[in-house]
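**Q** I would like the atomic coordinates for the input below:
(chains A and B)
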2 protein chains.
Amino acid sequence: MATRWGIIGTSNISHDFVVAINTLQQTEHLVTAVASRNITRSQEFAKQFEIPRAYNSYLCMANDTEVDVVYVGTLNEHHYSVSRLMLENGKNVLCEEPFCKNAKEVNELIELARSKKLFLMEAMWMFFTPAFITLKEKIDQGIIGEPLQIISSFGTPMPESLIHQRNSGGSILELAVFSVYMSQFLFGPEKPQIYGTCGQLTESGFDKDASVILKYSNGRISTFFSHFKVKLSNEAIVFGTKGSIKLFK
Amino acid sequence: MATRWGIIGTSNISHDFVVAINTLQQTEHLVTAVASRNITRSQEFAKQFEIPRAYNSYLCMANDTEVDVVYVGTLNEHHYSVSRLMLENGKNVLCEEPFCKNAKEVNELIELARSKKLFLMEAMWMFFTPAFITLKEKIDQGIIGEPLQIISSFGTPMPESLIHQRNSGGSILELAVFSVYMSQFLFGPEKPQIYGTCGQLTESGFDKDASVILKYSNGRISTFFSHFKVKLSNEAIVFGTKGSIKLFK
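**A** Residues are numbered from 1 along each chain as shown, chains lettered A, B, ... in the order given. Take a look at the predicted model:
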């Protein structure tokens, strides 16, 4: 029997996710429901992808007995509450990145999932892309020697009003989350020392930009930049003693 | 009457400097002497550029009454002592970058030069290159909007023995000096807040690599990297609200 997916949120990333699911065998993965706070958007999404049920309530999704696992593609600020609601109602959860706003919320979800023996995962899709897998392979093969420095940036101009509206948790959670994961994947799992600075904060206290240095053992350093006011290089370069590898958008 | 130059040190950069001087009218600028601790190198240099006098002693240069101004192109560690000797003996001084190892030494030289009404300047040649002048012009014209972030790097693999031998003061003084000047030129003259980290130090306490964040007013941030163990991008990018400009080697 196919794994039955419920989609929560009708964002671009939800759209991409369903397109990806639909490349798989329907006997293995099937999208059976979609939920959005706006019923029109929910119904349009359902129509586009021929999804049987469209909800305007997350609770309806939580109570749908024909959904095994939900994909949470809402705005960042709702990731925690929606994932929690789903876990409480026995649903397995794949939550879009960034997972939650802080470690406390993430730990609560993990504990809840464990207590109910449910699947819970952050959809850090970057790890599954061919470019990222190749990067890791090349580094493990020693192509660039000993990797000692990562420099990565992700900056895209966004009006202040949109930053406020998205309420995403700032440029680090919205953009630099990829840099942080890449650093931890290549130099972790140890916890790095953090040397950081933020340019300016929004009225609601979110970082509009950040420049952060992560210092790992054995002279390894990862520095990343996120920015809502300027377009940065939007690339990641891993420098080693014998060469470097660049990942770009 | 021509300004009469004495060249101290027969390094590559001294070589380049004399090539440049020789493109000027000899009635305006004339190289009249060269000094090196090694008389063979000094004589070879003199022969190559048809310089009348070759010394194996810096004191001889200091006492040469037919030298108005000296160009100090020695290893970094001798910049201070040689410049001091020359100023004490009434010579004007153009000293190669980096000037000295710390502000105390620089201030001593400035005070000495002022007291004797002598010319003293650091040869930060970067400021006089067409690329740098164009960069400044474009930024002043508002081509990239408000410049908010500079990211620059200068890393070149160098064996530990050579780092020790050059005794240059580490990767910041040897390599990142250009990044620091560029930051101050574009975002200064205010003193930035410094958030920095070094990967590892040599036995003699010099930085093998450095990742430094300089925070200026109005959300402007400059981050630079220097490295003796890996080849970095060796470029500087200024990011503004409307675009960016890259300077590369």
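**Q** Using the record's domain definitions, break chain A down for me.
**A** Taking automatic domain parsing as the domain assignment, the ranges for chain A are A:3-123, A:127-248.
**Q** Quick check: the residue nearest in space to the middle of chain A vs residue A:179, distance?
**A** Geometric centre of chain A, nearest residue: residue A:97, 1.7 Å, by C-alpha atoms, centre = their mean. Plainly put, residue A:97 is 12 Å away from residue A:179 if you go by C-beta to C-beta, to the nearest Å. Heads up, the C-betas are built off the backbone N, CA and C, glycines and all.
**Q** Then residue A:75?
**A** In terms of C-beta to C-beta, residue A:75 sits 21 Å off from residue A:179.
**Q** count of neighbours near residue A:210?
**A** 23 (other C-beta atoms under 10 Å in any protein chain shown).
**Q** Quick check: it touching residue A:229?
**A** No - look at residue A:210 against residue A:229 with C-beta atoms under 8 Å: they stay out of range, at 11.6 Å.
**Q** any common contacting residues for these two?
**A** Here residue A:210 and residue A:229 have residue A:199 as joint contacts, going by C-beta atoms under 8 Å, 6 or more residues apart in numbering or on different chains.
**Q** And the pLDDT for residue A:167?
**A** Model confidence at residue A:167, expressed as pLDDT, equals 67.
**Q** how far is the worst-scoring helix or strand of chain A on mean pLDDT from where the chain is centred?
**A** The helix or strand of chain A with the poorest confidence is helix A:160-166; it has a mean of 76 (mean pLDDT, DSSP states H and E). Distance, stretch centre to chain centre, for helix A:160-166: 19 Å (C-alpha atoms, centre = their mean, to the nearest Å).
**Q** Who are the packing partners of the helix or strand that it is followed by?
**A** Going down the chain from helix A:160-166, the next helix or strand is helix A:170-171, by DSSP states H and E. Other helices and strands packing on helix A:170-171, by 3 or more C-beta pairs under 8 Å, 6 or more residues apart in numbering or on different chains; DSSP states H and E, are strand A:209-215.
**Q** and chain A, which residues reach chain B?
**A** Contact residues (C-beta under 8 Å from any C-beta of the partner chain) of chain A with chain B: A:148-149, A:151, A:153, A:155, A:157, A:193, A:195-197, A:199-200, A:208-209, A:211, A:213, A:215, A:219-221, A:223, A:225, A:227, A:229-233, A:237, A:239-241, A:243-244.
**Q** Kindly tell me how buried residue A:26 is, as a neighbour count.
**A** Neighbours around residue A:26, by other C-beta under 10 Å: 10.
**Q** Name the nearest residue to it, sequence neighbours excluded.
**A** residue A:2 (6.4 Å; C-beta to C-beta, 6 or more residues apart in numbering or on different chains).
**Q** Look up the residues forming beta bridges with the closest residue to residue A:198 other than its chain neighbours.
**A** Among residues not flanking residue A:198 along the chain, residue A:207 sits closest, at 4.4 Å (C-beta to C-beta, 6+ apart). Beta-bridge pairing of residue A:207 under DSSP bridges involves residue A:201.
**Q** Enumerate every residue touching residue A:207.
**A** Per C-beta under 8 Å, 6+ apart, neighbours of residue A:207: A:170, A:171, A:172, A:198, A:199, A:200, A:201, A:226.
**Q** With neighbour count and pLDDT added, can I get those in TSV?
**A** TSV is the format used below for the contacts of residue A:207 (neighbours: other C-beta atoms under 10 Å in any protein chain shown; pLDDT from 0 to 100):
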residue	neighbour count	pLDDT
A:170	25	87
A:171	27	91
A:172	22	90
A:198	19	81
A:199	24	81
A:200	14	85
A:201	13	86
A:226	29	96
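**Q** wait, which of these is closest to residue B:17?
**A** Ranked by distance to residue B:17 (C-beta to C-beta), these are led by residue A:199 at 39.5 Å.
**Q** from what I can see that closest one touches residue B:148, true?
**A** Yes - Residue A:199 is within contact range of residue B:148, at 7.1 Å (criterion: C-beta under 8 Å).
**Q** Identify, by residue count, the longest helix of chain A.
**A** The residue-count maximum for a helix in chain A (DSSP state H) belongs to helix A:103-115.
**Q** Can you show me the CA trace of that one as PDB?
**A** Coordinates of the C-alpha atoms in helix A:103-115 are reproduced here as PDB (Å, rounded to 0.1, in the frame of the first residue of the first chain):
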ATOM      1  CA  ALA A 103      16.600  24.300  20.000                       C
ATOM      2  CA  LYS A 104      13.900  24.200  22.700                       C
ATOM      3  CA  GLU A 105      11.100  23.900  20.100                       C
ATOM      4  CA  VAL A 106      13.000  21.200  18.100                       C
ATOM      5  CA  ASN A 107      13.700  19.200  21.200                       C
ATOM      6  CA  GLU A 108      10.000  19.300  22.200                       C
ATOM      7  CA  LEU A 109       9.000  17.900  18.800                       C
ATOM      8  CA  ILE A 110      11.700  15.200  18.900                       C
ATOM      9  CA  GLU A 111      10.500  14.100  22.400                       C
ATOM     10  CA  LEU A 112       6.900  14.100  21.300                       C
ATOM     11  CA  ALA A 113       7.700  12.100  18.100                       C
ATOM     12  CA  ARG A 114       9.700   9.500  20.100                       C
ATOM     13  CA  SER A 115       7.000   9.100  22.800                       C
END
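**Q** so who does the residue nearest to the centre of chain A touch?
**A** Counted by C-beta under 8 Å, 6+ apart, residue A:97 has contacts A:122, A:123, A:124, A:125, A:177, A:181.
**Q** Could you do residue A:210 as well?
**A** A:170, A:171, A:172, A:176, A:196, A:197, A:198, A:199, A:224, A:225, A:226, A:227.
**Q** Give me the subset of those residues lying in strands.
**A** Judged by DSSP state E, the contacts of residue A:210 include A:196, A:197, A:198, A:224, A:225, A:226, A:227 as members of strands.
**Q** partners of the longest strand anywhere in chain A in the sheet?
**A** Here the longest strand in chain A is taken by residue count, with DSSP E as the criterion, and it is strand A:147-155. If you go by DSSP bridges, strand A:147-155 pairs up with strand A:221-227 (parallel), strand A:235-240 (antiparallel).
**Q** among the ones you listed, which is the most enclosed?
**A** Highest mean neighbour count of the strands paired with strand A:147-155: strand A:221-227, a mean of 28 (counted as mean count of other C-beta atoms under 10 Å in any protein chain shown).
**Q** tell me how far that one is from the chain's mean position?
**A** 17 Å.
**Q** just stretch A:74-83 next, same as before
**A** 12 Å.
**Q** With stretch A:152-166 instead?
**A** 16 Å.
**Q** Quote the end-to-end distance of it.
**A** 23 Å (C-alpha to C-alpha, to the nearest Å).
**Q** Show me which residues of it are buried.
**A** Across stretch A:152-166, burial judged by 16 or more other C-beta atoms under 10 Å in any protein chain shown covers A:152, A:153, A:154, A:155, A:156, A:158, A:163, A:166.
**Q** so which of those residues would you say is closest to residue B:130?
**A** Nearest to residue B:130 among those, with distances taken as C-beta to C-beta, is residue A:153, at 27.4 Å.
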